[in-house]
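S.K.: Kindly generate the corresponding structure for this input.
(2 chains)
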Amino acid sequence: MISARLIAAARVSSLKSLWQRMTNTRLITAARVSSLQSLWRRFGWIGWVLVLLIAVSFPFLVDRPRFWLPNIGVKSLWLGIIAMSLVFLNRYVGLLSLAQVTIAGIASYGVGYVMVTLGLPFGVAIPAGLLVGTFAGFIIALIAARTKAIYFLMITLALGQVFFSWASQAIEVTNARRGLAPIVKPDLGFINLNEVTAFYFFALICAVICYLLCRYVAASSFGLTLQGIRDSPERMAALGYRVNRYRIAAITFAAFIASVGGVVLVFDRAQVDPDVVSLGSTLDVLVVAIIGGILSLGGVFVGAIILTMLDNFAQDFTDRYMTLTGIVFILVLLFAPTGIAGIGKQVGQAARRLRKNDFSESQSGASPEQEPEATQLTGDAITKGNQQ
Amino acid sequence: MCPELNDNPQSRESGDMDQFLLVALNGFTLAALYFLVASGLTLIFGLMRVITMAHGTSYLLGGYIGYVIVRETGNWILGALGAAVLVSLLGLIIHQVLIRRFQDDQMRVALITLGVSLIGTDLMLAVFGGTATQVPIPQEYQVALDIPFVGPYPLIRIAILAIAIAVGVALTLLINMTRFGSIVRAGVDDSQMTSATGVNVRVVFASIFVLGSALAAFAGVAGGTLFPLLPGQDGTYLLFSLVVVIVGGMGSVPGAAIGAVLVGLVSQFALVYVPTYSLVLTFALMVVVLAIRPQGILGRKSAA
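M.R.: Reported below is the predicted structural model:
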């Protein structure tokens, strides 16, 4: 009966059947897009292998490794690790923390204090730095976990400045403005980290481990609980979860990731001074996270590369590198709140929305499930302040 | 981080009690300055539920503009008014272009204004340089006032304390007594409902934002008269006004006054008795208040 109707409809006018054929081809393209997505889901690891291959071959691709490796490569990696801890907190806990740089700096100071002031080897210094940084994160969590959204942002910012002012004054611990130096890169015997390439690989391994760790934690039952708390703390509390304890644990975990970044940072800079934890460094990491994509753990490295490139090359044609960074930062916030990593999705959604409009003109009831996804991704990129 | 705090007049030969009073007075004049900056921030937050991280930029830019005008004309009041007007115009532009569209998205507004402050810091460094400048004190205020038990005290500090009190009273009256104030209070409680009753809430939002920027710029001229203007102070004053507002309770003008007095007194007394940890103690105050009352001293429960 339906087919009879269809035939009748087709007979009404050839124009209409032409329309239907056109919309049919459109339907096929839509199907292709979604199959592309499932392809990406199934074979996305190939993309990651490609990225990793490029990262591994980076030292052998560039013309001047002595410039590129420390200034772009290693710096991007530790900036990315610190920014990744920020993104982890934002994406899975819904908290935007500006204290991640401070935590990394505390880990750096831990390494510096053990190696320079106490004169102990790096084998003690690195665990000590990680421990001190993670513990500092735990303390910050105890203070700040009761607050949410914009309050959390302000309090972590203020706590970071407390540490900055203390670090610039406490001569007996941090050597005030002059900082702790020199912090020599260790020679592990089989590999000497003083070599530029070797240190780059050390940083790369740290970054990959941190990334996998973040993914693993996010996918664990702990990570799922966190996401539940992010979406509805009241409901999770009603289910018997201790919301605050989970938040504190998550902030402490992110502090550990940031501490790894701090350890790489301190060996890269060969010294630690209050500049590491200044407001400027805090903003640097925030810019990296926003440009790279505040929802993407891997995207931060793209953001970090963009920032270090701007840092190194913008000076050739302008003195106002900070202004340039600020403008890029604002433009990203205005037009692509999901950052570089989200742009592909944003374009795809825009295209799909265009197509959907065509559908609704020609044929009703096409792909209703795509609309909510589109609004969700652009709207909730940055944790909304109004959530309670 | 905050070198201007060491710039306070200190009479060394006086006794303990005298010194105590002097430090208290210094604390109050510093509090006056903090209140001028923070009142704008708290007004904007109270109505619009957004935090402008560019508030310190308004402060420093106001100070620089005031410095230029006072240097050229020699008129301090003209400098203060000119700075307030110019910076509030800039505030209006920022509000209309960058903030208005994201009214409901606090976090994005905070980040966008943080970007604005990044640009502002860099451009001010380019235009006004890295050296310290100070707004010239008007001739007739370059005298010391003899205050009982304290001794000679700069008149300009007393004047700024008086101005801050006057501004505080005026703001309280504006919010509590006028029709505009009642619209603002209605907007604070429920901006959608207020809008439904026929009030153009957008205009109210914009005017409060302009008022907040103007207050910050005025504070910049006052602060630039008391202490030298330096690059980096935009960050410092943003942080101090954040602390003041967090301590006092977000959105409350009397709260900002209480917060400013507490922060001013703690930082000055700490500077005299435990100089190394002055800033740490100031921020510790905030941590203590947060631990006891997360919403601040006069803040509402729902805000936290």
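
S.K.: Helix, strand, or coil at the closest residue to A:Ser278 other than its chain neighbours?
M.R.: Spatially, and ignoring its direct neighbours in sequence, A:Ser278 is nearest to A:Phe164 (5.9 Å; C-beta to C-beta, 6 or more residues apart in numbering or on different chains). Any C-beta I mention is one placed from the backbone N, CA and C, and that applies to glycine too. Classification of A:Phe164 using DSSP: H, G, I helix; E, B strand; the rest coil returns helix.

S.K.: What is the neighbour count of A:Phe164?
M.R.: By other C-beta atoms under 10 Å in any protein chain shown, 24 other residues sit near A:Phe164.

S.K.: so who does it touch?
M.R.: Contact analysis of A:Phe164 by C-beta atoms under 8 Å, 6 or more residues apart in numbering or on different chains lists A:102, A:274, A:277-279, B:1.

S.K.: next one: B:Ile112
M.R.: B:Ile112 sits next to A:330, A:333-334, B:98-99, B:102 when contact means C-beta under 8 Å, 6+ apart.

S.K.: same thing but 10 Å
M.R.: A:329-330, A:333-334, B:50, B:52-54, B:94, B:98-99, B:101-102, B:105 (C-beta atoms under 10 Å, 6 or more residues apart in numbering or on different chains).

S.K.: circling back: next step: the contacts of A:Phe164 restricted to helices.
M.R.: Cross-referencing these against helices under DSSP state H gives A:102, A:279.

S.K.: Neighbour-wise, give me the winner out of the contacts of A:Phe164.
M.R.: Among these, A:Thr102 has the most neighbours (other C-beta under 10 Å), with 31 neighbours.

S.K.: where does whichever residue of the stretch 1-150 of chain B sits closest to chain A land on pLDDT?
M.R.: Residue of the stretch 1-150 of chain B nearest chain A, by C-beta to the nearest C-beta: B:Gln106 (2.5 Å). We have a pLDDT of 79 for B:Gln106.

S.K.: Correct me if wrong: it contacts A:Ile150.
M.R.: Yes - between B:Gln106 and A:Ile150 there is a contact under C-beta atoms under 10 Å: 5.0 Å.

S.K.: May I have the secondary structure class of residue 50?
M.R.: You didn't say which chain, so I picked chain A. Secondary structure for A:Leu50, judged by three-state DSSP, is helix.

S.K.: look at chain B instead
M.R.: In three-state terms, and counting by three-state DSSP, B:Val50 is coil.

S.K.: Helices of the stretch 1-150 of chain A, start to end?
M.R.: For the stretch 1-150 of chain A, the helices defined by DSSP state H, counting those that start in this stretch occupy A:2-12, A:14-61, A:65-68, A:75-88, A:100-112, A:122-144, A:149-167.

S.K.: tell me what the fourth one is packed against?
M.R.: Helices and strands touching helix A:75-88, as assessed by 3 or more C-beta pairs under 10 Å, 6 or more residues apart in numbering or on different chains; DSSP states H and E, comprise helix A:14-61, helix A:100-112, helix A:196-219, helix A:243-269, helix A:279-292, helix A:299-313.

S.K.: out of these, nearest to B:Gly224?
M.R.: helix A:279-292 (20.6 Å; C-beta to C-beta).

S.K.: near chain B, anything from the closest one?
M.R.: Yes - interface with chain B: helix A:279-292 contributes A:279-280, A:282-284, A:286-287, A:289-290 (C-beta under 10 Å from any C-beta of the partner chain).

S.K.: what's near enough to touch A:Ile54?
M.R.: With C-beta under 10 Å, 6+ apart, A:Ile54 has these contacts: A:Leu61.
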